[in-house]
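Asker: Sequence and predicted structure below; questions after.
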Amino acid sequence: MSTVISVENVSKTYRLGQIGGATLKEDFGRWWAKMRGRPNPRLKIGEELHARKMGDVFWALDDVSFEVKEGEVLGIIGRNGAGKSTLLKILSQVTMPSSGRIKVRGRIASLLEVGTGFHPELTGRENIFLNGAILGMTKAEIRRKLDEIIDFSGVEQFIDTPVKRYSSGMYVRLAFAVAAHLDPEILIVDEVLAVGDAAFQEKCVGKIRDVSTSQGRTVLFVSHNMNAVASLCNRAMLLRHARVAMDGPAAEVVSNYLSVSDLLRKRLELLNPKMARTGDGRVRFMAATLRDAAGNMVDEVIEHQAFEIELELLAKETVELTIISITIVDPWGNDLFTTFHYDSLDLRVLQAGCHKFHVSFSPNFLIAGMYNIRLACFGHGFYEFDHIFHAFLLKIDRAGQDIAGEYTRPGNVALLLEWTRTYDA
């Protein structure tokens, strides 16, 4: 089979925060002050420390490469924000990549958003002609397939009603019907079928299967419905942190995605080169693993139960050590607790190589909630080797319903103290 889609080292970045001023005059004033070495004249008092944070870069895709063969049904899965929709928009030429190269052979039909290309004031019938023309269909081709499109959409009764009165489900039924009857070489479907009812979703899956098997078309399918991906696709690709984490048979990739816990994803985050961290890197945190009292890997802790954090460090050379620390931070940014390695380990020199540390936390430690974990490793004279301010989130779940009501225990410590009583009648 020949290659119909080739993606080579594609990245997509966006600028976050304030990019420019409200007027050309403000932008010019800011540029002129910079050229003369003067401070930003538009900066308010107290904003100096935050000025460098304006316009931070966000990587929606990071060095993604893959190929799709003719007739393949490729499922693209991953958590929200992994880069799935961005990738499909680039393939559909809705947006351009920041770097990399894409080669596509064949006509593409894309269903990326509900009602894409629809005009709200036009009727469903008129929008079929409009949307079909946008997708590349000729007027004669649309006329020939009009009855089939209307019948597939299931909105015959409302076909001459302006689509602004359609529900979201009716929108997507009509939009998918047009895209599916384009007879494209490549069909791209994003997670829009979720708004349809079960019967229509089954009809869409059947249509996609027919397009791929009977007609030999290529399909790229994004969905959070793992059953649909496993049954419909012969291949799947897992995106994680804007990169391709796994590519292979659909059943294997879906199984991996469902079995990999949030904790394992957190382990990978420590190796993310774009993770916010400081230090010279002579010693690096490689992984952080959360375990229960029995040593089993978990992705959350139950309130009033003991748990353990396992740290893996890589020392690139032998160094003098001051501290290795774990700090637990509440959702408001307050440091609740810090533990240092020297609390129980007399370790002042860290030899070159891999080191694994186990830190045990007593039961009745924290109330249920979400806590940020900060990791730090400092050398002699508090020289910074590695410092990760947001390593991962520690989730502590409730053990059960509190007799006084849910989440009524104030404070941060979940100590269960022993009470006694004496009573004289």
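Answerer: Now that the structure is in, tell me what you want to look at.
Asker: low-scoring stretches of the stretch 1-150 of the chain, by residue?
Answerer: Residues of the stretch 1-150 of the chain meeting the criterion pLDDT under 70: 1, 16-24, 27, 34, 36-56, 112-117.
Asker: Strands of that one, residue ranges please.
Answerer: With strands called from DSSP state E, counting those that start in this stretch, the stretch 1-150 of the chain shows them at 3-15, 57-69, 73-77, 99-104, 108-111.
Asker: burial of residue 425, as a residue count?
Answerer: Using other C-beta atoms under 10 Å, residue 425 has 2 other residues around it. All C-beta spots, glycine's among them, are computed from the backbone N, C-alpha and C.
Asker: again, but for residue 82
Answerer: When counting by other C-beta under 10 Å, one arrives at 20 neighbours for residue 82.
Asker: Would you mind measuring from it to residue 175?
Answerer: Here residue 82 is placed at a distance of 24 Å from residue 175 (C-beta to C-beta, to the nearest Å).
Asker: Turn the strands of the stretch 1-150 of the chain into a markdown table, including mean neighbour count and distance to residue 339.
Answerer: Shown next, in a markdown table, are these (neighbours: other C-beta atoms under 10 Å; distance: least, C-beta to C-beta, whole Å):
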| stretch | mean neighbour count | distance to residue 339 |
| --- | --- | --- |
| strand 3-15 | 17 | 37 |
| strand 57-69 | 17 | 33 |
| strand 73-77 | 25 | 38 |
| strand 99-104 | 14 | 43 |
| strand 108-111 | 22 | 52 |
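Asker: and of those strands, who's closest to residue 187?
Answerer: Shortest distance between residue 187 and the strands of the stretch 1-150 of the chain, using C-beta to C-beta, is found for strand 108-111: 5.2 Å.
Asker: Mind giving me the packing neighbours of that closest one?
Answerer: helix 84-91, helix 168-180, strand 186-189 (3 or more C-beta pairs under 8 Å, 6 or more residues apart in numbering; DSSP states H and E).
Asker: got a list of contacts for it?
Answerer: Residues from elsewhere that reach strand 108-111 (C-beta atoms under 8 Å, 6 or more residues apart in numbering): 88, 91-94, 116, 135-136, 175-176, 179-180, 182, 184-190, 192.
Asker: quick one, helices of this structure?
Answerer: Taking DSSP state H as the criterion, the chain carries its helices at 24-35, 84-91, 124-134, 139-153, 168-180, 198-213, 226-232, 250-259, 262-269.
Asker: Could you list the buried residues of the fourth one?
Answerer: Buried residues in helix 139-153, counting neighbours by 16 or more other C-beta atoms under 10 Å, are found at 142, 145, 146, 149, 150, 152, 153.
Asker: Give me the contact list for that helix.
Answerer: Contacts of helix 139-153 (C-beta under 8 Å, 6+ apart): 124-125, 128-129, 132-133, 137, 156, 159, 170, 173-174, 176-178, 180-181, 203, 207.
Asker: who does the longest strand along the chain pair up with?
Answerer: The residue-count maximum for a strand in the chain (DSSP state E) belongs to strand 383-397. If you go by DSSP bridges, strand 383-397 pairs up with strand 277-278 (antiparallel), strand 301-302 (parallel), strand 369-379 (antiparallel).
Asker: Where does the prediction get shaky in the stretch 301-425 of the chain?
Answerer: 332, 399-412, 414, 420-421.
Asker: Could you measure from residue 279 over to residue 355?
Answerer: 16 Å.
Asker: oh sorry, the question was meant for residue 390
Answerer: Computed with C-beta to C-beta, the distance linking residue 390 and residue 355 is 22 Å.
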